[in-house]
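Chemist: Below: sequence and its predicted model.
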Amino acid sequence: MKISAHPLIVAAAFGLLGPAALADDDVGAELGGTWERADDGPPPADPLLDLGPSFEVIPVEDRVLVDVPAQGTLSWAREGELAARIELRVGDTTITRSLACEGDALQLTTVVDRDGQRLAWSSSYTRA
């Protein structure tokens with residue numbers, strides 16, 4: 001009987017390599033995880049612009065769940081492996097939020113269109 005397997009799997013099976021050798025090297029380069037605000041400045045005056053000091057991102061297939069302790073959990077659409085976006089409409093107000101991840105840094109950009117005015121705010125987050 002002939003079995004075909006990747007050389008790293010065979011080496012791990014014989015005890016030549018530990019499980020860490022099979023781990024994904026790009027663990028830090030993903031959107032998922034708990035994020036804390038890195039900015040030292042105060043949050044914006046308009047609470048619609050802010051997600052708070054920390055939140056958790058949970059990847060689920062083509063979507064991500066963003067869990068904000070003070071606001072609940074929402075499903076965002078993925079835009080590739082390292083970005084996500086959501087657009088919310090509350091009455092005549094539109095809130096657009098986007099996340100972009102680069103290693104252990106995450107950029108949150110929020111745009112609020114209300115009563116003909118546009119407010120925008122951006123904040124940086126790091127892994128908790």
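Modeler: Alright, I've got the coordinates.
Chemist: Count the residues that sit near residue 57.
Modeler: 20 (other Cβ atoms under 10 Å). (C-beta placed from N, C-alpha, C; glycine too.)
Chemist: Which residues are in contact with it?
Modeler: Counting by Cβ atoms under 8 Å, 6 or more residues apart in numbering, residue 57 touches 31-35, 64-67, 84, 99.
Chemist: Which strand residues bridge it?
Modeler: residue 33, residue 66 (DSSP bridges).
Chemist: so which helix or strand takes in the residue nearest to residue 119 when sequence neighbours are not counted?
Modeler: Among residues not flanking residue 119 along the chain, residue 112 sits closest, at 4.6 Å (Cβ to Cβ, 6 or more residues apart in numbering). Residue 112 is part of strand 105-114 when elements are defined by DSSP states H and E.
Chemist: continuing past that strand, what's the next helix or strand?
Modeler: As assigned by DSSP H and E, the chain's next helix or strand after strand 105-114 is strand 117-127.
Chemist: and that following strand, C-alpha only, in CSV?
Modeler: C-alpha atoms of strand 117-127 as CSV (Å, rounded to 0.1, in the frame of the first residue of the first chain):
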residue,chain,number,x,y,z
GLN,A,117,-23.9,66.4,6.7
ARG,A,118,-21.0,63.9,6.6
LEU,A,119,-18.9,63.1,9.7
ALA,A,120,-15.9,60.9,9.4
TRP,A,121,-13.6,59.4,12.0
SER,A,122,-10.7,57.0,12.0
SER,A,123,-9.0,55.1,14.9
SER,A,124,-6.2,52.6,15.3
TYR,A,125,-6.5,49.4,17.3
THR,A,126,-3.9,46.8,18.4
ARG,A,127,-4.4,43.1,19.4
